[in-house]
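Need coordinates for the below:
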Amino acid sequence: MTATKPWYMSRTVWASLITVLTGTAGLFGLPFGELDNAALTETILETITAISGILALFGRLSATAKIG
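Next comes the predicted model:
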C-alpha cells in the first residue's frame with residue numbers, strides 16, 4: 001500500500017470516531033444502544049461528501065482565476 005489519502009477520507013477513522021462518540025455519549029446517559037454504527041458512519045460520510053461537493057462547486061463558480 002503506497003498510496004496515501006487524508007485522514008478524513010478514511011472510513012476506519014470515521015467509524016472509530018463514531019464509536020468513541022457514541023460510547024462517550026452512553027457514559028452521559030444518552031441512549032445509543034439500538035444505533036447501527038456502520039449505518040451512522042455511512043450516513044456521515046455521505047453527508048460530508050455532499051457538502052464538500054457543494055463547496056467545491058461553489059468555490060469554482062465564484063473563483064476569479066483560471067485553473068492551471
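
what's around residue 22, how many residues?
Residue 22: 15 surrounding residues under other Cβ atoms under 10 Å. From N, CA and C alone the C-beta is placed, and that goes for glycine too.

wait, doesn't it sit right on residue 37?
Yes. With contact defined as Cβ atoms under 8 Å, residue 22 counts as touching residue 37 (6.6 Å).

joint contacts of those two?
Common contacts of residue 22 and residue 37 (Cβ atoms under 8 Å, 6 or more residues apart in numbering): none found.

what about the chain, any weak spots by pLDDT?
Low-confidence segments of the chain, defined by pLDDT under 70: 1-2, 26, 30-35, 67-68.

residue ranges of the strands in it, please?
Secondary structure of the chain (DSSP state E): no strands located.

Tell me where it has helices.
11-27, 37-61 (DSSP state H).

buried ones in the first one?
Buried positions in helix 11-27, judged by neighbour count with 16 or more other Cβ atoms under 10 Å: 14-15, 18.

Quickly name whichever of these is closest to residue 59.
Residue 59 lies nearest to residue 14 out of those, by Cβ to Cβ, at 23.2 Å.

was I right about that closest one contacting residue 46?
No. The pair residue 14 / residue 46 is not scored as a contact, 11.0 Å apart, by Cβ under 8 Å.

and the residue positioned nearest the centre of the chain, how far is that from residue 55?
Centrality entry for the chain: nearest residue to the mean C-alpha point is residue 45, 4.0 Å, by Cα atoms, centre = their mean. Relative to residue 55, residue 45 is positioned 16 Å away (Cβ to Cβ, to the nearest Å).
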